[in-house]
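Participant: here is the input, now give the coordinates:
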Amino acid sequence: MEILSIHRVLIGGIIAAAIVVYVPFFWVAYGRAQLGWQAIATPRAMVDKLPAYAQRATWAHQNAFESFVLFTAAALMAYVTEANGIWVVSAAIAHPIARLLYPAFYIANIPVGRSLMFGIGSLSTAVLMGASLMQVL
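Facilitator: Down below sits the predicted model:
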């Protein structure tokens, strides 16, 4: 009997990725608090007034939603097609980790690290989709 089934890894990856979406928002909230409560009347215009780190956190937060949608679709594809193997498990684990590190590099303004984490996250999604397609073709 498997201790940790591939299905649990995939669902766990989706849950972890959903939580990670909100990590950069803590920095956004801190930056917003520095502007004062009057600024919340116009949240979209507020981004231009935020400190640089909070602007980058806002962009990381927005990007996290985009990444989450694709990863979730890929993980669910792998779940439904019963794709398995070390690559599937690795991708399901690597994506949330990369997406946790992505905003850290983004907020710290380390473009190489940010790009590397974006690439790992994207590659993980592609691996899950590819493994799923291999199951049905």
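
Participant: quick one: distance of stretch 130-137 to the chain centre.
Facilitator: Centroid separation between stretch 130-137 and its chain, computed with Cα atoms, centre = their mean, to the nearest Å, is 23 Å.

Participant: which residue is the nearest non-sequential neighbour of Leu35?
Facilitator: Distance criterion Cβ to Cβ, 6 or more residues apart in numbering; nearest residue to Leu35, sequence neighbours excluded, is Lys49 at 5.8 Å. In this view, the C-beta of every residue, glycine as well, is placed from N, C-alpha and C.

Participant: for Ala108, see how far away the one you found is.
Facilitator: Using Cβ to Cβ, to the nearest Å, Lys49 is found at 21 Å from Ala108.

Participant: tell me, how many residues neighbour the residue nearest to Leu35?
Facilitator: 14 (other Cβ atoms under 10 Å).

Participant: over to the one 3 residues further on?
Facilitator: Burial measure for Ala52: 10 neighbouring residues, criterion other Cβ under 10 Å.

Participant: hmm, Ile107 and it touching each other?
Facilitator: No - shown here, Ala52 and Ile107 do not form a contact pair, counting by Cβ atoms under 8 Å, at 9.4 Å.
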